[in-house]
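Sequence below, structure please.
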Amino acid sequence: MSGDTKDDISRGPEAFMNSGGRPQLAMRFPLEGRKNLVNADLEKVKTALTEQGYYLQLPPPPENLLKQHLEVNGKK
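Got it, this is the predicted structure:
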């Protein structure tokens with residue numbers, strides 16, 4: 001994908017773009033009029049879009065429930 005279109009995702013980080021597979025646009029939604037986002041800071045997203053041309057959000061790391069249980073129960 002190249003060119004200056006609203007669906008062009010070729011401006012993503014090089015390491016991500018070369019990590020395997022063909023990247024494709026997952027979703028697009030307007031930020032104007034929004035007060036917040038569920039899993040991201042709206043101002044950080046806007047800044048990244050302005051400065052970098054993209055915002056990359058990865059899923060959170062998996063929870064280590066055993067570690068949490070041990071910490072709650074005072075065990076290491």
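
low-confidence ranges in the protein?
For the chain, the stretches with pLDDT under 70 are 1-7, 76.

What are the boundaries of the helices in it?
Counting by DSSP state H, the chain has helices at residues 14-17, 42-51, 65-72.

Can I get the second one in PDB, CA atoms only?
Okay, so that is helix 42-51. Backbone C-alpha positions of helix 42-51 (Å, rounded to 0.1, in the frame of the first residue of the first chain) are rendered in PDB as follows:
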ATOM      1  CA  LEU A  42      -7.200  10.100  24.000                       C
ATOM      2  CA  GLU A  43      -4.500  12.900  24.000                       C
ATOM      3  CA  LYS A  44      -1.700  10.300  23.600                       C
ATOM      4  CA  VAL A  45      -3.500   8.800  20.600                       C
ATOM      5  CA  LYS A  46      -4.000  12.300  19.000                       C
ATOM      6  CA  THR A  47      -0.400  13.200  19.700                       C
ATOM      7  CA  ALA A  48       0.900  10.000  18.100                       C
ATOM      8  CA  LEU A  49      -1.300  10.400  15.100                       C
ATOM      9  CA  THR A  50      -0.100  14.000  14.600                       C
ATOM     10  CA  GLU A  51       3.600  13.300  15.200                       C
END
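
quick one: contacts of it?
Identification of contacts with helix 42-51 by Cβ atoms under 8 Å, 6 or more residues apart in numbering yields 31, 34-37, 54-55. C-beta coordinates here come from the backbone N, C-alpha and C atoms, glycine included.

go with 7 Å
31, 34, 36-37, 54-55 (Cβ atoms under 7 Å, 6 or more residues apart in numbering).

Quick check: the two most widely separated of those?
The two members of these with the most space between them (Cβ to Cβ) are 36 and 54, at 20.3 Å.

Comparing the two, which residue is more hemmed in?
Shown here are residue 36 and residue 54; by other Cβ atoms under 10 Å, residue 54 has more neighbours (14 against 8).

Tell me who's in contact with the more buried one.
If you count contacts by Cβ under 7 Å, 6+ apart, residue 54 has them with 11-12, 48.
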